[in-house]
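got a predicted model here, sequence first, then my questions.
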Amino acid sequence: MKLVDLTGTIDPTDRDRLPEPMRGTPIANVFAPRIEYHAPDAAGKDIFCAALGCTHADLPDGEGWGSEVLLEMSSHCGTHVDAPLHSGSLCEGRTSRTIDEIDLNELFLPGIVFDVREYVVPGQAITSEMLDKAQRKAAVDDVHGHAVLIRTGQERFNISDPEYFNYPGMTWESTLHLTERGVRALGTDAIGWDRPFPVMSADFKRTGNKRLLWDAHKAITVKEAFIIQKLVNLASLPASGFQVGLFPLKLARCSAAPARVIGFVPD
């Protein structure tokens, strides 16, 4: 069994690589937290001494402990799992579940990679037809009970690239095309499941159709599934025949949590 880490690194220095207009806004918390570092030979000494009632002179090796405080970090930071609550307060007519209400057994699933790279256009929709082509290429007939991980090609870019923010995204129709056939988890290597915010906003302003705002996420209110964003290393997975573990932090009453996402690939 080979383990494939599908999780991106959460790095506070990514804030400095965001486009300038985003850095001082709440949206920055989605891309990178602020972290207060307490090294064992620096601030960690003071915390150690305060906790144990000693002085620097008493430290056995002249050091305290290492610790960190995470600041200004969204529950949607880094590779993360969205609970149904993220899409709305109701899901399938019932109160939407929070991330801590999802049983771990629901988050360990057979996986399929849908490689849509040759079909998609940056900033535009991933259509149901594209998904069907990717499914045929993966040679998988039944997607019921699976996690479908969509490889858009966004792994080519990092947070300092303009292309990072202009990704192909899903729609109401293409999301339901998967969930209505029993797909339980929906993953992407893009930073968002829907099309980019500026694209959705422009379409809304042009048409006046409010259903175009965040429509792929809103499709979860009709048919429950779990969305995973900012996946990495999808190229290291086979098209099928593997399991994927989506292991979010158990945050009480939250709509999402950062997760360690792992592919389990047989030898």
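Arrived safely. Residues are numbered from 1 along each chain as shown.

distance check, Asp132 against Ser67.
50 Å (C-beta to C-beta, to the nearest Å). Using the backbone N, CA and C atoms, a C-beta is placed for each residue, glycine as well.

for Val121, see how far away Glu155 is.
17 Å.

which of those two has more neighbours?
Glu155 (16 against 9; other C-beta atoms under 10 Å).

wait, doesn't that one sit right on Ala235?
Yes - with contact defined as C-beta atoms under 8 Å, Glu155 reaches Ala235; the gap is 6.8 Å.

may I see the buried residues of stretch 223-236?
Lys223, Glu224, Ala225, Phe226, Ile227, Ile228, Gln229, Lys230, Leu231, Val232, Leu234 (16 or more other C-beta atoms under 10 Å).

so in this structure, which strand runs the longest?
strand 256-265 (DSSP state E).

coming back round to it: farthest pair in the buried residues of stretch 223-236?
Lys223 and Val232 (27.0 Å; C-beta to C-beta).

ok, back up a step: packing partners for the longest strand of the chain?
strand 2-5, strand 80-82, strand 242-248 (3 or more C-beta pairs under 8 Å, 6 or more residues apart in numbering; DSSP states H and E).

tell me the most buried of those strands?
Comparing those by mean neighbour count (mean count of other C-beta atoms under 10 Å), strand 80-82 comes out on top with a mean of 26.

related to what we said a few turns ago, pLDDT of the longest strand of the chain, averaged?
Here strand 256-265 scores 99 as its mean pLDDT.

what angle separates it from strand 242-248?
Between the axes of strand 256-265 and strand 242-248, defined by axes from the mean of the first three to the mean of the last three C-alpha atoms, to 10 degrees, the angle is 160 degrees.

what lines up beside strand 256-265 in the sheet?
strand 2-5 (antiparallel), strand 80-82 (antiparallel), strand 242-248 (antiparallel) (DSSP bridges).

if I look at the residue lying closest to Asn158 once chain neighbours are set aside, how far off is Gly64?
Nearest non-adjacent residue to Asn158, counting by C-beta to C-beta, 6 or more residues apart in numbering: Tyr164, 6.3 Å away. Distance of Tyr164 to Gly64, given as C-beta to C-beta: 38 Å.

look at the two and report which has more neighbours.
Applying other C-beta under 10 Å to Tyr164 and Gly64 shows that Gly64 carries more neighbours, namely 25 against 18.

isn't the more buried one right up against Ala50?
No - assessed by C-beta under 8 Å, Gly64 is found out of contact with Ala50, at 9.4 Å.

now do the contacts for Cys54.
Phe48 (C-beta atoms under 8 Å, 6 or more residues apart in numbering).

and it, how far is that from Ala43?
16 Å.
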